[in-house]
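Trainee: Could you look at this predicted model? Sequence included:
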Amino acid sequence: SAVISQKPSRDICQRGTSLTIQCQVDSQVTMMFWYRQQPGQSLTLIATANQGSEATYESGFVIDKFPISRPNLTFSTLTVSNMSPEDSSIYLCSVEVGGQGRHEQYFGPGTRLTVT
Amino acid sequence: GQNIDQPTEMTATEGAIVQINCTYQTSGFNGLFWYQQHAGEAPTFLSYNVLDGLEEKGRFSSFLSRSKGYSYLLLKELQMKDSASYLCAVVYNFNKFYFGSGTKLNVKP
């Protein structure tokens, strides 16, 4: 398994501002993922972040709105830019661990974002 | 995404057995996960299936049929603390994870 921390744990932000969420893992991992979970809904994958390459975004998510950094194998950031109330959600980072074809994924505690 | 379907909500009695089903699109399939998520918390890993059959882990078991695009999570000897959402997630093409909408399980005394 992996121990994952996120900062901040929650924030209340004003419309039009940006927030950067940090994700730190206690071991080196190749693949990190960013998800969004809106109230009462399941998780939606935003992007996959591999160290040394640009993030791969899912349909409906773009780099200008959700820029991601992955400077090393234990850290990543997700920025939510030019926020609107529709961006209010829980943002979770996760990592994939395990070898030999086991794609186990573990989640950080999440960042609860409220945009006013 | 990928047509991952689960029942929205289920109710069961403490001490009973409950089965939560999940169906998914089979093309590109590389594995299926079950997660438990309590309200306000992050999902926690429960099980992983990549081959057909039953994987048992304590009170929880997970079954997979790849040809049918079908899995279930079986919870035995239900406890009140098992009240949570259960998420079925499928990995496609080795690195794409997609989650079902989740099944909210209510355990009654």
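Mentor: Received, thanks.
Trainee: Tell me which residues touch the residue positioned nearest the centre of chain A, please.
Mentor: For chain A, the residue nearest the mean C-alpha position is A:Trp34 (3.0 Å; C-alpha atoms, centre = their mean). The contact partners of A:Trp34, taken as C-beta atoms under 8 Å, 6 or more residues apart in numbering or on different chains, are A:23, A:45-47, A:49, A:66, A:68, A:76, A:78, A:91-94. Any C-beta I mention is one placed from the backbone N, CA and C, and that applies to glycine too.
Trainee: same thing but at 7 Å, please
Mentor: Contact analysis of A:Trp34 by C-beta atoms under 7 Å, 6 or more residues apart in numbering or on different chains lists A:Ile46, A:Ala47, A:Ala49, A:Ile68, A:Leu78, A:Tyr91, A:Cys93.
Trainee: buried stuff in the host helix or strand of A:Pro71?
Mentor: If you go by DSSP states H and E, A:Pro71 is part of strand A:68-72. Buried residues in strand A:68-72, counted by 16 or more other C-beta atoms under 10 Å in any protein chain shown: A:Ile68, A:Arg70.
Trainee: quick one: secondary structure of B:Lys81?
Mentor: Following DSSP: H, G, I helix; E, B strand; the rest coil, B:Lys81 is assigned to helix.
Trainee: measure it to B:Leu105 for me?
Mentor: Counting by C-beta to C-beta, to the nearest Å, the gap from B:Lys81 to B:Leu105 is 11 Å.
Trainee: Select the helix or strand of chain A having the lowest average pLDDT value.
Mentor: Within chain A, no helix or strand scores below strand A:104-107, which has a mean of 84 by mean pLDDT, DSSP states H and E.
Trainee: partners of that strand, with directions?
Mentor: Strand A:104-107 has its sheet partners listed here by DSSP bridges as strand A:89-97 (antiparallel).
Trainee: now the partner strand against strand A:68-72, angle please.
Mentor: 30 degrees (axes from the mean of the first three to the mean of the last three C-alpha atoms, to 10 degrees).
Trainee: how many neighbours does A:Thr116 have?
Mentor: Counted with other C-beta atoms under 10 Å in any protein chain shown, the neighbours of A:Thr116 add up to 9.
Trainee: Just give me how far stretch B:101-109 sits from the chain centre.
Mentor: Distance, stretch centre to chain centre, for stretch B:101-109: 12 Å (C-alpha atoms, centre = their mean, to the nearest Å).
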